[in-house]
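>>> Dropping the sequence and predicted coords here.
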Amino acid sequence: MNIEISAQSVKELREKTSAGMMDCKKALIENKGDFEKAMESLRQKGLASANKKASRITAEGTIQSYIHTGGKLGVLVELNCETDFVARREEFQELAKNIAMQIAASPSVEYINLQHIPNIIVQKEKETESLKEDLSKKPPEIREKIAEGRLQKRLKELTLIEQPFIRDPSITVEDLIKQTISKLGENIQVRRFERFILGEGIEKRQDDFSTEVNKLIKK
C-alpha cells in the first residue's frame with residue numbers, strides 16, 4: 001500500500017533535521033508516515049555519516065569569543081573544519097557561538113572530551129569516589145561498582161562534548177556538532193578553549209573590618 005506523504009510533512013521534517021528534501025521524503029515513506037520514527041532514522045544516519053568523517057583533517061575554522069553580560073566572564077574557543085568555505089558558513093559560525101556560550105555556562109567543564117582528561121586526574125577522582133564514607137560499609141565488589149559509576153558521571157561533568165546542550169537539553173554538545181557535520185558535510189572538531197574570569201588567581205585583600213576600626217580609634 002502506497003503511503004501518501006504531504007509536502008508539509010516533508011518540509012517540517014527538513015526544518016527539524018536539516019536533511020535534504022528527498023532524504024526526508026524517503027524517511028517518511030520508509031517509516032509509513034510516522035514523523036518521530038522518520039526523524040530518528042535521519043538522526044541515526046546523520047550520526048553515522050558524522051562518525052565516518054571524524055578522522056579527516058581539520059585545519060580551517062574560526063576562533064569565537066563570548067563575553068558574558070557585565071564583562072566578568074569571557075570564553076575563547078577554536079573550532080576547526082576542513083575548508084575555508086565551510087568555516088564561513090552561517091551554520092558553522094552559529095555552532096562556534098553556541099559552543100562558546102556553552103563553555104561559559106558550564107563552570108565544571110575543563111576538557112573537550114574524555115580522552116583529553118589526564119590519567120592522573122582520572123586516578124585522583126577514582127580515589128576520591130572510592131573513599132567516600134557512604135561506601136565504607138558496603139562489600140568490596142559493590143563499593144567498586146558504585147564508585148566506578150560515580151567516577152564516569154564525574155568525568156562527564158568535566159568534559160565539554162558530554163554536556164546537555166543549553167538550548168536543547170535533549171541532545172549533547174557532541175550531538176549538536178555531529179548534526180552540523182551531517183548538514184555541512186565536513187569533519188568539525190573543537191580544538192581548544194579557554195575560560196577567563198575577571199580577577200581569577202589574584203589574591204584579593206581581605207580586611208578585618210573590626211581591626212581596621214580599632215586602628216582608626218587608636219590614631
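The structure has been received and is ready for your questions. It should be emphasised that the depicted structure is a prediction, and the values quoted were computed from it without experimental measurement.
>>> Kindly report the domain assignment for the chain.
Domain segmentation of the chain under automatic domain parsing yields 7-53, 60-117+159-197.
>>> And the helices in this structure?
Ranges of helices in the chain, per DSSP state H, are 7-17, 21-30, 35-53, 84-87, 90-104, 119-130, 140-158, 173-184, 209-218.
>>> Throw these into CSV and include mean neighbour count and distance to Tyr66, thanks.
The way it works is simple: take the backbone N, C-alpha and C, and place the C-beta from them, glycine included. Shown next, in CSV, are the helices of the chain (neighbours: other C-beta atoms under 10 Å; distance: least, C-beta to C-beta, whole Å):
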stretch, mean neighbour count, distance to Tyr66
helix 7-17, 15, 26
helix 21-30, 18, 33
helix 35-53, 16, 24
helix 84-87, 16, 18
helix 90-104, 19, 4
helix 119-130, 14, 25
helix 140-158, 14, 20
helix 173-184, 21, 14
helix 209-218, 8, 37
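>>> Let me have those helices in CSV, adding mean pLDDT and distance to Leu198 as columns.
Below are the helices of the chain laid out as CSV (pLDDT from 0 to 100; distance: least, C-beta to C-beta, whole Å):
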stretch, mean pLDDT, distance to Leu198
helix 7-17, 79, 39
helix 21-30, 79, 47
helix 35-53, 69, 37
helix 84-87, 92, 30
helix 90-104, 96, 13
helix 119-130, 86, 26
helix 140-158, 84, 23
helix 173-184, 88, 25
helix 209-218, 55, 24
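>>> So which of those is nearest Asn113?
Proximity to Asn113 (C-beta to C-beta) singles out helix 173-184 among those, at 8.0 Å.
>>> so what does that closest one touch, helix or strand wise?
Here helix 173-184 is seen to pack against helix 35-53, helix 90-104, strand 164-165 when contacts are counted using 3 or more C-beta pairs under 8 Å, 6 or more residues apart in numbering; DSSP states H and E.
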